[in-house]
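Chemist: just to be clear, the model below is a prediction. Sequence and coordinates:
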Amino acid sequence: MRAISYRGFGGPEVLTLGEADRPEPGPGQVRVRIVAAGVNQLDSKRRNGWLEDVMPTAFPAVPGLEFAGVVDALGEGAGGFSVGDEVFGTTVTGSYAEYAIADLLVPKPAGLSFEQAAALPVAGETARRVLDQLDVGPGETLLLHGAAGAVGQVATQLAVARGATVIGTASPANHELLRGLGALPVAYGEGLAERVRDAAPKGVDAVFDAAGRDTLPVSVELRGGTTDRVITIAAPDAAKHGVPFSGGGTDAETARGWLTEQAEQVLAGELRLPVERTFALADAAEAHRAADEGHRTGKLVILL
């Protein structure tokens, strides 16, 4: 099969297109033919070797966690799906490839495109997981760093739906976007603490860092000097600041329930997660360059 892989850490140039062995499903496993693969900052961070302490890499590595596709083969004893079913979810073998073994699988609603479905798993599961870990509730104020990114946009909408006030950090160019999602936008950079205090004079109850841009010291400051209810999904130096790094851990049944609900919300127009740009598999390095530039207002998706 065709697949993107890398054999050492580095920039987007380490990603190469080549031939790889098609993975065979073991007992209870499902193999999918990939139609679309989502591109995430997490993919870039792992490619750079920045998350080795929490997510070790085995080479050669095929990047990509999330996908949408079609069930291609079932391992012995695998149930719940049939060959030909349209599905989306996450994979243990890398989604920048023609075939992959799924570790989380959800039926794709007929009205949801493969591109939209591939954009949802990481952002949807991560946003819901961290909001639950922070126990964000009605009447509370959430400071959300990186609110205009894919995870940030989903988290903003889910938190607002819970009755929380969301203060979202983003570049000024994305402030109108955040207002449309129900957030109070503030610019990141020098003077951030003062701008947040102006927006939330009673303080912030929780901090969700989806940016990782030296945001943890100011986050702890804004929480009154405590790391309580501060979580990052993006800062590789989280341990240095005593802040928990949330990198997964949701059981499959719970995650499937969340993603099933979120897919229906996207179809109903109740949850927005736009696909900003698509790439061919051969252009995976270009997709990573675009992701590394930041300032995205939608998902980047690779089409196979």
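Modeler: Yep, it's here.

Chemist: start to end distance for stretch 94-108?
Modeler: 19 Å (C-alpha to C-alpha, to the nearest Å).

Chemist: that should have said stretch 161-177, apologies.
Modeler: By C-alpha to C-alpha, one end of stretch 161-177 lies 17 Å from the other end.

Chemist: now do it: distance to the chain's middle.
Modeler: 17 Å (C-alpha atoms, centre = their mean, to the nearest Å).

Chemist: also stretch 157-176?
Modeler: 17 Å.

Chemist: I would like the residues contacting the host helix or strand of Val122, please.
Modeler: Using DSSP states H and E, Val122 sits within helix 121-134. Residues outside helix 121-134 that contact it (C-beta atoms under 8 Å, 6 or more residues apart in numbering): 38, 40, 42, 65-67, 88-90, 104, 106, 142, 150-155, 158-159, 162, 206-208, 210, 229, 231, 233, 244, 246, 248-250, 255, 258-259, 262, 273, 299. The C-beta positions use only the backbone N, C-alpha and C, and glycine is treated the same way.

Chemist: from these, which would you call buried?
Modeler: Buried members of the contacts of helix 121-134, counted by 16 or more other C-beta atoms under 10 Å: 38, 40, 42, 65-67, 88-90, 104, 106, 142, 150-155, 158-159, 206-208, 210, 229, 231, 233, 244, 246, 250, 255, 258-259, 262, 273, 299.

Chemist: just the residues you listed: which are in strands?
Modeler: Counted as lying in strands by DSSP state E, out of the buried ones among the contacts of helix 121-134, are 38, 66-67, 88-90, 104, 106, 142, 206-208, 231, 299.

Chemist: let me know the closest of the residues you listed to Glu176.
Modeler: Taking C-beta to C-beta as the measure, Glu176 lies nearest Lys299 of those, at 19.0 Å.

Chemist: next, the closest residue to the closest one other than its chain neighbours: phi, psi?
Modeler: Nearest residue to Lys299 in three dimensions, chain neighbours excluded: Ala119, at 3.8 Å (C-beta to C-beta, 6 or more residues apart in numbering). Taking degrees, to the nearest 10, you get phi -80, psi -10 for the backbone angles of Ala119.

Chemist: show me what the longest helix anywhere in the chain is packed up against.
Modeler: Selection of the longest helix in the chain by residue count, based on DSSP state H, yields helix 252-267. For helix 252-267, the packing partners by 3 or more C-beta pairs under 8 Å, 6 or more residues apart in numbering; DSSP states H and E come out as strand 86-91, strand 99-107, helix 121-134.

Chemist: just the angle between the lowest-mean-pLDDT helix or strand in the chain and helix 121-134, please?
Modeler: Within the chain, no helix or strand scores below helix 41-48, which has a mean of 90 by mean pLDDT, DSSP states H and E. Relative orientation of helix 41-48 and helix 121-134, computed by axes from the mean of the first three to the mean of the last three C-alpha atoms, to 10 degrees: 100 degrees.

Chemist: report the distance from the helix holding Val122 to the chain centre.
Modeler: The answer for helix 121-134 is 9 Å, by C-alpha atoms, centre = their mean.

Chemist: and the angle from that helix to helix 252-267?
Modeler: Going by the same axes, to 10 degrees, helix 121-134 makes 110 degrees with helix 252-267.

Chemist: related to what we said a few turns ago, ok, so what distance separates the residue nearest to Lys299 from Val266?
Modeler: Separation of Ala119 from Val266 (C-beta to C-beta, to the nearest Å): 9 Å.

Chemist: find residues that contact each of these two.
Modeler: Leu273.

Chemist: those two - which one has more neighbours?
Modeler: Ala119 (30 against 21; other C-beta atoms under 10 Å).

Chemist: quick one: contacts for that one?
Modeler: By C-beta under 8 Å, 6+ apart, the contact set of Ala119 is 38, 66, 150, 273, 275, 298-299, 301.

Chemist: ok, so of those, who is nearest Leu51?
Modeler: Glu66 (16.4 Å).

Chemist: report the beta-bridge partners for that closest one.
Modeler: Thr90 (DSSP bridges).

Chemist: my guess is it contacts Ala36, does it?
Modeler: No. At 9.1 Å, Glu66 does not count as touching Ala36 under the criterion of C-beta atoms under 8 Å.
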